[in-house]
Structures are given as C-alpha cells and as structure tokens.
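**Q** how would this look folded up:
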Amino acid sequence: MPTFASFDELTLNYSVWEGTSDAPPVVLQHGFAADTNANWMGPGVVKALRAAGLTVISLDARGHGRSAKPHDEASYGEDTMARDVQALFDELGLKEVSLVGYSMGAVIALAVAGRDSRVRRLAIGGVGSGVVDCGGIDTRVVTREAISTALLADDPATVPAAGAVFRALADSLGADRKALAAVASAIQAQVVDLGSIRVPVLVLAGDTDPLATEPERLVAALPDARLQLIPGDHLTAVMAPEFSRTLVTFAGECL
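**A** Numbers count the residues shown, from 1 in each chain. Down below sits the predicted model:
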C-alpha cells in the first residue's frame, strides 16, 4: 500500500481503488482504534462504493493501521489529523472529493470540510448531538481519561466499563495501545465550527448508538444536512446494508 509524508513528515498509509465514474473520488476516514480494513473493507463499504464505479481512497490515520504510531500526545489531535487529510488531497492532486468520516473520523472530516473547498459533499457517521454540545466526540458518554486508562491497563479485567469497547477493538486488531492512548489524550473540545460547513451533509446514525444520540440536533445545526437512521449501535451500524446503500446514493448525487 502506498505511503506519503504528511505536513510534519510523519509517514501515513493510504489505499486507492480506481473507479469508472465521473463523480469525485470518495475519501474515507475511519474511527478511533479502527483502520481501513476494520471500518471500511470488512463491513463492505469499499465494496459497495466500488460496485457503483466510484473511485475510493482511504487513509489510515496517524497512530492507526499501517501509518506511523508515535507515542507522544503532541503528535495528535483532531486538527492535526485534519491537516493529514488535506495533505493527502495535496499528495494525490485531488481537486474535489466526497469526504466520509466515522466517529473520530467524522469529527476530522467536519474540521476538513469547514476549511477546505475541495470537499464538495460530506457524509458523517457515529456522531450526534455531542458535536453540537461538546464540539467533537461526545465526552459526556466516554471521557478521554476512560479511554486512555482502558488502553493502558495491564489486566483487561480491570478496564473501566466506559472504555472497554475501545480496549476490545484495539486488542482484536493488534493495535498499538500506547499510540492510541496518546490519540485519546489529545482529544480536543470545540474543534468544529458547524456554521462554516456549506456543502451538503449526510448524517448516518445508528438508532442504538450511544455516541450518536439526538442526531437530528446535529442536522439542524448544519446549514445543509439530512439524516438517515441506520439499524445498529456504534460498532454495528456501519455493517448494515442501509449504511453502504445510502452512502453510495449520496456520493453518486455529485453526477
């Protein structure tokens, strides 16, 4: 898989699947502790987009997947990872894109869309009113401290309940838990200016996702957005056929 040096020279990994459609390429940014394979390939999202003829590009965020994994908190933060996405646009010479983000990736995608005119359409999943009230990940549900503690615990049996799902995901993927703890520690507040996002937005929210509650409030806070409820929770909604089907339709509307 190809790599490039981001704005600060950190090496990041990405994947490209060339399509036949004239629609702008779809750029995917995965969620916390996941990667391209876990968030997009395994659930069938890449397959569905490719079947529609769309060009698909996916970035492994710093600290994740096959990208570099520094262990210092200063290397992370949503703004830093948003700059990585923009650096990928530069690397590939992209003029316009449909940007898709899930969970942490949704916050990153929102930050990019608010300041980069190359984003023509935006789809975000795994987030809801937390973006409105907390400016990003819903820290009312799980704090960065709970996530970091869960990731760094020597004994998985001592992991706090709030962070257990992230520890389990990290362990199942063989992820670098120290790098992920640094990512969690760098989670910021009020990183998203929703009023600055003028492109059409699709909000995809699992109907039992605790991190995507009251998604209608997020839709109302965006100038041009619509909501699609998906059956499932934070981990399973992206696997639902409705998720990929709605995303394909939305991305194809650029034609």
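
**Q** Look up how far residue 148 lies from the residue nearest the centre of the chain.
**A** Nearest to the mean C-alpha position of the chain, counting by CA atoms, centre = their mean, stands residue 105 at 1.6 Å. According to CB to CB, to the nearest Å, residue 105 stands 19 Å off from residue 148. C-beta coordinates here come from the backbone N, C-alpha and C atoms, glycine included.

**Q** What segments of the stretch 151-255 of the chain are helices?
**A** Secondary structure of the stretch 151-255 of the chain, counting by DSSP state H, counting those that start in this stretch: helices at 164-173, 177-185, 215-221, 241-252.

**Q** what's next to the host helix or strand of the residue nearest to the centre of the chain, contact-wise?
**A** Using DSSP states H and E, residue 105 sits in helix 104-113. Residues from elsewhere that reach helix 104-113, judged by CB atoms under 8 Å, 6 or more residues apart in numbering: 28-32, 39, 61, 78-79, 81-82, 85-86, 99-101, 119, 122, 124-127, 131, 136-137, 183, 191-192, 194, 197, 199, 201.

**Q** From these, which land in strands?
**A** 28-29, 99-101, 119, 122, 124-125, 201 (DSSP state E).

**Q** how about the closest residue to residue 203 other than its chain neighbours, what does it touch?
**A** Distances taken as CB to CB, 6 or more residues apart in numbering put residue 227 closest to residue 203, at 4.9 Å, once the chain neighbours are dropped. Residue 227 makes contacts with 203, 205, 215-216, 219, as judged by CB under 8 Å, 6+ apart.

**Q** if we go to 6 Å?
**A** 203, 215-216, 219 (CB atoms under 6 Å, 6 or more residues apart in numbering).

**Q** do the same with residue 48
**A** 244, 248.

**Q** any idea how far it is from residue 151?
**A** As judged by CB to CB, residue 48 and residue 151 stand 31 Å apart.

**Q** same deal with residue 106?
**A** To residue 151, residue 106 is 21 Å away according to CB to CB.

**Q** go on, residue 163?
**A** Distance from residue 163 to residue 151, by CB to CB: 7 Å.

**Q** Same question for residue 188.
**A** The gap separating residue 188 from residue 151 is 18 Å, by CB to CB.

**Q** Among the two, which residue is more densely surrounded?
**A** residue 151 (25 against 18; other CB atoms under 10 Å).

**Q** got a pLDDT number for that one?
**A** Note on residue 151: pLDDT of 95.

**Q** from what I can see it touches residue 180, true?
**A** Yes: counting by CB atoms under 6 Å, residue 180 is a contact partner of residue 151 at 5.3 Å.

**Q** Spit out the contact partners of residue 196.
**A** Residues near residue 196 by CB under 6 Å, 6+ apart: residue 114.

**Q** What lies in contact with stretch 152-163?
**A** 142, 146-147, 149-150, 167, 181.
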